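Novice: would you be able to build a 3D model of this:
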Amino acid sequence: MVKKPSSRKTTPKSKQETPRDSPRPEFMEPLSPKPLTPPPTPWEILSMPEPEYWAMTERVQKMYREIERKNYEEALLNDLNRPRFWEDRIEKLEKEREYFNKKRGWSAVDMACVDRIDAQIQECESELDRIYAVEERLEVEYD
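Specialist: Take a look at the predicted model:
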């Protein structure tokens, strides 16, 4: 049998190197013969004992939590003086009341819920009136 010539060139088996026989490439060799040391811990960088470092970290975290809590409370208080907050609240309460408006008959519990919702809407409207009165007074003073 005669082999047909192929268009693919191959190297004879005897000349091919196996992966185990090939030399290891230079780029894979370590750069330095010394073993790698782990990076220093934060308390070593700051030159302080570990318990003192953790106590300091806890104090700083507590301070930031307190600052965030104050900022959150201030944002809530600022919202109470914005008309949009009260208008959104009225809209939400009216959507709650809409459920009862669609009912054919109200039980005593339903009436109590509606009265509670109506009272909350009334409070929101009085807050809106207060905010608008302050805004009008400021407009008159600065005009």
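
Novice: pLDDT below threshold where in this protein?
Specialist: The model of the chain has pLDDT under 70 over residues 1-22, 24, 26, 28-34, 143.

Novice: what are the ranges of the helices in it?
Specialist: Under the criterion DSSP state H, helices of the chain are mapped to 42-45, 50-79, 83-102, 108-142.

Novice: contacting residues for the most centrally placed residue in the chain?
Specialist: Centrality entry for the chain: nearest residue to the mean C-alpha point is residue 68, 14.0 Å, by CA atoms, centre = their mean. Not one residue lies near residue 68 by CB atoms under 8 Å, 6 or more residues apart in numbering. From N, CA and C alone the C-beta is placed, and that goes for glycine too.

Novice: in a markdown table: the helices of the chain, plus distance to residue 27.
Specialist: As requested, those are exported to a markdown table (distance: least, CB to CB, whole Å):
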| stretch | distance to residue 27 |
| --- | --- |
| helix 42-45 | 32 |
| helix 50-79 | 39 |
| helix 83-102 | 63 |
| helix 108-142 | 71 |
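
Novice: how about those helices, which one is nearest residue 23?
Specialist: Residue 23 lies closest to helix 42-45 among those, at 41.2 Å (CB to CB).

Novice: mind listing what's buried in the closest one?
Specialist: For helix 42-45, burial by neighbour count (16 or more other CB atoms under 10 Å) applies to residue 43.

Novice: list the contacts of that helix.
Specialist: By CB under 8 Å, 6+ apart, helix 42-45 touches 49-50, 52-53.

Novice: let's see if you can find the most crowded of the residues you listed.
Specialist: In terms of neighbour count, residue 53 stands highest of those at 17 neighbours, by other CB atoms under 10 Å.

Novice: how about the helices of the chain, which one is nearest residue 36?
Specialist: Residue 36 lies closest to helix 42-45 among these, at 16.7 Å (CB to CB).

Novice: which residues touch residue 87?
Specialist: Counting by CB under 8 Å, 6+ apart, residue 87 makes contact with residue 128.

Novice: any idea how far it lies from residue 137?
Specialist: Taking CB to CB, to the nearest Å as the measure, residue 87 falls 20 Å from residue 137.
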